[in-house]
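coords please:
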Amino acid sequence: MRTSYLRVLLILLTFQIVAGQEESSSPDWGIHVGYATQQAFPFKDKDYKLTQHHILGQIRLQQFRLGDFKVDVLSELGYYFSKHQLRNKWFTTTAYFDDFQDDFQEKMLAEKNIHQLAAH
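Residues are numbered from 1 along each chain as shown. Model prediction:
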């Protein structure tokens with residue numbers, strides 16, 4: 001799966017380099033594909049598991065020049081897919097409370113899929 005992300009990234013970088021050679025300004029759009037995980041050094045945690053895949057697309061709306069600086073106003077849309085799981089029962093203990101359902105711990109310890117759409 002990681003190799004497919006690397007291939008897409010390589011294709012997009014190649015396209016951006018070719019587009020940059022044809023024109024002196026940067027392109028007005030971009031795509032970002034990424035992967036993140038909690039299960040990697042130095043954050044590897046036995047009590048918690050999180051992995052995330054995302055794809056972001058952005059469009060430059062306007063560019064300003066302030067002296068020697070270029071300032072871009074961007075619009076970005078993104079899709080995030082995450083898998084989350086709490087693995088330690090201690091974090092979901094209900095021994096000190098009376099008003100929890102009997103299956104509360106099982107629900108909290110189950111792996112959850114989270115789909116998010118975001119606009120920035």
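
quick one: the strands in the chain, in order.
29-37, 48-66, 69-86, 112-119 (DSSP state E).

out of the ones you listed, which comes closest to D99?
strand 69-86 (20.2 Å; CB to CB). For glycine as for every other residue, the C-beta is placed from the backbone atoms N, C-alpha and C.

got the contact list for the closest one?
47-65, 92, 108-120 (CB atoms under 8 Å, 6 or more residues apart in numbering).

quick revisit: of all the strands of the chain, which lies closest to D102?
Per CB to CB, nearest to D102 of the strands of the chain: strand 69-86, 18.0 Å.

report the mean per-residue pLDDT for the closest one.
Per-region confidence: strand 69-86 scores 90 on mean pLDDT.

for it, which positions count as buried?
G78, Y80, L86 (16 or more other CB atoms under 10 Å).

from the residues you listed, which is closest to F104?
L86 (12.0 Å).

burial check on T37, number of neighbours?
Around T37 there are 13 other residues, counting by other CB atoms under 10 Å.

which strand residues bridge the closest residue to it other than its chain neighbours?
Closest residue to T37 apart from its sequence neighbours, by CB to CB, 6 or more residues apart in numbering: T51 at 4.7 Å. Per DSSP bridges, the residues bridged to T51 are T37, K83.
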